[in-house]
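> structure of the sequence below:
(2 chains)
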Amino acid sequence: MPYYIGDVIKEEKRLIARTPEKFRDTGIDVKLNTSAEGIDADKGIVRLSDGTAIPYDTLILGTGASAFIPKIPGVELEGVFSLKKLDDAIQIKNFINNKECRKAIIVGAGFIGMEMSEALRVRGIETQVIDLLPRPAIRWDPEFSKVILEELTRQNVIFSGETGIVSIEKGMDFRLRMKSTRGEMDADIIIIAIGIRPNTKLAHELGLQIGKSGAIQVNFSQRTSKEGVYAVGDCCEVYHRVSHRWVHIPLGDVANKQGRVAGRNVAGGTMIFPGVVGAQSFKLFSLEVAATGLDEAEALNSGYHPVSNIIWGNAIARAMPGEKRLGLKLVADRASGKLLGAQAVGTLGAVNRINALSCALWTGIALDEIAYLDFAYAPPVGPAWDPIHIAAQELMRKL
Amino acid sequence: MSKNVVIIGAGAGGASVAAEAKRMDPSLSISLVEGGPYTSVAA
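Purely as a prediction, here's the structure:
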């Protein structure tokens, strides 16, 4: 959706994978602008906001998650938005297209905050990002945050860390005035992007088990604790193959897979969703930023003995003109030599390294094999000794 | 007698359930209930 707002994706219909008509053509009854008000589990009935009640033998909760909006004065003012659903994106884009937007403040420097900072800059809006934490994209190592901060600065995005939002008021010269813990700032548009919470109201009503993460508990078949009830997507948990825990990782690609697994099982098939290794990425102007697996803190928490290293390598062969600096961090378990996690930042090839390492995490192979893995080598796309090989070999010496 | 399948939410998850379940067993009676105006948003 940030790409739609930044007008890289021009039309909202391109964001829709399957229209209601396509569903109806196959005989699926689609009810739009209709919410489920309540569920009568004994009768097997869902009560809808249009006053009707529909019977079910099998129920699937795909209720998603909602943007967390802090209870502070002014969040309801015109020009303050959150971004979770397509409707939000359309409203934001229309606002930027039709109203004067000289300055923007983004509250929250995670994925959405980062992608939105690029979207708004591309639209020519002066952009500031604030966050309670001291650096943006906190999932990444401080050394990589530095690179991210440098890119933000190069693109004239101001980052203010350790800054909390206190209130929003109508502004004088600009539409809005924000009071933060570090002073006051002007904006014509404010985006709140400080996290999302799973929508579990119906799950609670049904008495479903909720996981420690706050999201609905499911098993590998996407079944919940109640017979005949499944859950998929942002509202439920997912199994993390490296930490061996059920966690809340709300991502669109995961939702697609879980949905297909549940769909197969509902129809009488047998399929499991084998979980995730925690692969994640975003693009920020010229940078690719990616991570997978666990960081040291998560690894310790999961019972491992983590050791890590960071290398700065070249994403292309040294002989090629120019250099594409690539930062790569590996985390491994001292006891077994198993790779536990990785992060990468660079203008080229960061995501593809993390994808390769995500496969390594999936199979649980150790550093000694990773150090000699077979990659498709050609000077424009990598050195003969890839940064992955070099990082793994170096980390092995630390075990 | 066809099973009644009700899916609450037509985002990436719910929409995928509907598509796959119908594909696997066309005799299923499937309802896809969505609070907003759009289905199957890639987000």
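> would you mark the buried spots in the helix or strand harbouring residue A:328?
Applying DSSP states H and E as the criterion places residue A:328 in strand A:325-333. The neighbour-count check on strand A:325-333 (16 or more other Cβ atoms under 10 Å in any protein chain shown) flags A:326, A:327, A:328, A:329, A:330, A:331, A:332, A:333 as buried. Every C-beta, even on glycine, is put in place using the N, C-alpha and C of the backbone.
> for chain B, what are the nearby residues on the stretch 51-200 of chain A?
Residues of the stretch 51-200 of chain A lying near chain B by Cβ under 8 Å from any Cβ of the partner chain: A:54-64, A:85-87.
> need the helices for chain A, in chain order.
For chain A, the helices defined by DSSP state H occupy A:2-5, A:20-25, A:86-98, A:111-122, A:142-154, A:201-206, A:252-266, A:296-301, A:350-363, A:367-370, A:387-396.
> same list, the ones you listed, but as a markdown table with mean pLDDT, distance to residue B:37 and mean neighbour count please.
Listed next are the helices of chain A as a markdown table, based on pLDDT from 0 to 100; distance: least, Cβ to Cβ, whole Å; neighbours: other Cβ atoms under 10 Å in any protein chain shown:
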| stretch | mean pLDDT | distance to residue B:37 | mean neighbour count |
| --- | --- | --- | --- |
| helix A:2-5 | 91 | 15 | 22 |
| helix A:20-25 | 93 | 9 | 14 |
| helix A:86-98 | 93 | 7 | 16 |
| helix A:111-122 | 95 | 21 | 24 |
| helix A:142-154 | 96 | 34 | 17 |
| helix A:201-206 | 97 | 20 | 17 |
| helix A:252-266 | 97 | 19 | 24 |
| helix A:296-301 | 97 | 38 | 16 |
| helix A:350-363 | 97 | 33 | 20 |
| helix A:367-370 | 97 | 47 | 18 |
| helix A:387-396 | 98 | 45 | 21 |
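> closest to residue A:43 out of the ones you listed?
helix A:201-206 (12.8 Å; Cβ to Cβ).
> so that closest one, near chain B or not?
Yes - using Cβ under 8 Å from any Cβ, helix A:201-206 reaches chain B at residue A:202.
> by contact count, what packs against that helix?
Counting contacts by 3 or more Cβ pairs under 8 Å, 6 or more residues apart in numbering or on different chains; DSSP states H and E, helix A:201-206 packs against strand A:36-40.
> which residues touch the residue nearest to the spatial centre of chain B?
The centroid of chain B falls nearest to residue B:18 when counting by Cα atoms, centre = their mean (2.8 Å). Contacts for residue B:18 (Cβ atoms under 8 Å, 6 or more residues apart in numbering or on different chains) come out as A:23, A:28, A:263, B:7, B:10, B:30, B:32.
> please narrow those to those residing in strands.
Residues of the contacts of residue B:18 located in strands (DSSP state E): B:7, B:30, B:32.
> intersect these with the contacts of chain A.
Near chain A, judged by Cβ under 8 Å from any Cβ, the entries from the ones in strands among the contacts of residue B:18 are B:7, B:30, B:32.
> buried subset of those as a ChimeraX selection?
In ChimeraX syntax, the buried subset of these is picked out as below (16+ other Cβ under 10 Å):
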select /B:7,30,32
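> closest one to residue A:36 out of the ones next to chain A among the ones in strands among the contacts of residue B:18, please.
residue B:7 (10.0 Å).
> so who does the closest residue to residue A:100 other than its chain neighbours touch?
Of all residues beyond its chain neighbours, the one nearest residue A:100 is residue A:188 (6.0 Å), with distances taken as Cβ to Cβ, 6 or more residues apart in numbering or on different chains. Neighbouring residues of residue A:188 by Cβ under 8 Å, 6+ apart: A:79, A:99, A:100, A:101, A:102, A:103, A:104, A:125, A:174, A:175, A:176.
> ok, now which ones touch residue 2?
In the absence of a named chain, chain A is used. By Cβ under 8 Å, 6+ apart, the contact list for residue A:2 reads A:83, A:112, A:115, A:116, A:118, A:119.
> not quite, go with chain B.
Neighbouring residues of residue B:2 by Cβ under 8 Å, 6+ apart: B:27, B:28, B:29.
> where does residue B:16 fall, secondary structure wise?
Using DSSP H and E, residue B:16 falls in helix B:12-24.
> in that helix, what's buried?
For helix B:12-24, by 16+ other Cβ under 10 Å, it's B:12, B:13, B:14, B:15, B:16, B:17, B:18, B:19, B:20, B:21, B:22, B:24.
> now for the residue lying closest to the first one once chain neighbours are set aside: which residues touch it?
Using Cβ to Cβ, 6+ apart and skipping the chain neighbours, the partner closest in space to residue B:12 is residue A:255 (3.8 Å). Shown in contact with residue A:255 (Cβ under 8 Å, 6+ apart): A:62, A:232, A:233, A:234, B:11, B:12, B:13, B:16.
> state the distance from the fifth one to residue A:218.
Note on residue B:11: its distance to residue A:218, by Cβ to Cβ, to the nearest Å, is 16 Å.
> same check on the second one?
As judged by Cβ to Cβ, residue A:232 and residue A:218 stand 8 Å apart.
> more neighbours: the two, which one.
Neighbour tally, residue A:232 and residue A:218, criterion other Cβ atoms under 10 Å in any protein chain shown: the higher count belongs to residue A:232, 35 against 28.
> for that one, give me phi and psi.
Main-chain torsions, residue A:232, degrees, to the nearest 10: phi -140, psi 160.
> and residue A:290, bridged to which residues?
Note on residue A:290: beta-bridge partners by DSSP bridges are residue A:281, residue A:344.
> that one touches residue A:346, doesn't it?
No - applying Cβ atoms under 8 Å, one finds residue A:290 not in contact with residue A:346, separated by 9.3 Å.
> which residues touch the nearest residue to residue A:242 once chain neighbours are set aside?
Counting by Cβ to Cβ, 6+ apart, residue A:293 is the residue found nearest to residue A:242 once chain neighbours are left out, at 5.0 Å. Applying Cβ under 8 Å, 6+ apart to residue A:293 gives the contacts A:242, A:277, A:278, A:331, A:339, A:340, A:341, A:342, A:357, A:358, A:361.
> do you know the pLDDT at residue A:293?
The confidence metric pLDDT takes the value 98 at residue A:293.
> nothing else from me, thank you.
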